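Enquirer: Sequence first, predicted coordinates after that:
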Amino acid sequence: MYNIDALQSEARESFDKVWFIQSIEVIERTDQTLAMRLNIKAGLFVQAFIGEITGSLYFALIEGRQRIFGIDLVSGEWHRHPFGNPQRHETLTAGLGDKPLLSFLARVEELLLDENLL
């Protein structure tokens, strides 16, 4: 099962490997939860959250104060919030694999380049 330590380790790995991640901040940590911000530029960042008790993972690309894209694992099922309509839920049957944060960041990279967000 994916846990807080795995998410923190993957965040450190992303800082070393992902060209657009400028810094990482731990926003909140408890014994069962972790919320982090992976900063891309002012006003644009990835928020990552894990809840170990519920087994939930939430990844969101935030611009300003709004989610513009996201992928979540809730109750054992993955869904995404597509760019252009982030309020919508679309089932994501394949999930994000063994390294979900890095997989999410690969999708974010495509959006950053395709939508000229940098």
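Expert: Alright, I've got the coordinates.
Enquirer: Determine the number of other residues adjacent to residue 115.
Expert: Applying other CB atoms under 10 Å, we find 13 residues neighbouring residue 115. C-beta: built from backbone N, CA, C; applies to glycine.
Enquirer: cool, and residue 25?
Expert: By other CB under 10 Å, 11 other residues sit near residue 25.
Enquirer: Enumerate the beta-bridge partners assigned to the residue nearest to it when sequence neighbours are not counted.
Expert: Of all residues not flanking residue 25 in the chain, residue 37 sits nearest, at 4.6 Å (CB to CB, 6 or more residues apart in numbering). Beta-bridge partners for residue 37, by DSSP bridges, are residue 25, residue 47.
Enquirer: could you list every residue that touches residue 37?
Expert: By CB atoms under 8 Å, 6 or more residues apart in numbering, residue 37 lies in contact with 24-25, 27, 45-48.
Enquirer: let's see it at 6 Å
Expert: Contacts here follow CB atoms under 6 Å, 6 or more residues apart in numbering; on that basis residue 37 touches 25, 27, 45, 47.
Enquirer: ok, the third one touching residue 62?
Expert: Right, the one you point to is residue 45. Yes - with contact defined as CB atoms under 6 Å, residue 45 counts as touching residue 62 (5.5 Å).
Enquirer: mind listing the helices for the protein?
Expert: With helices called from DSSP state H, the chain shows them at 4-17, 100-114.
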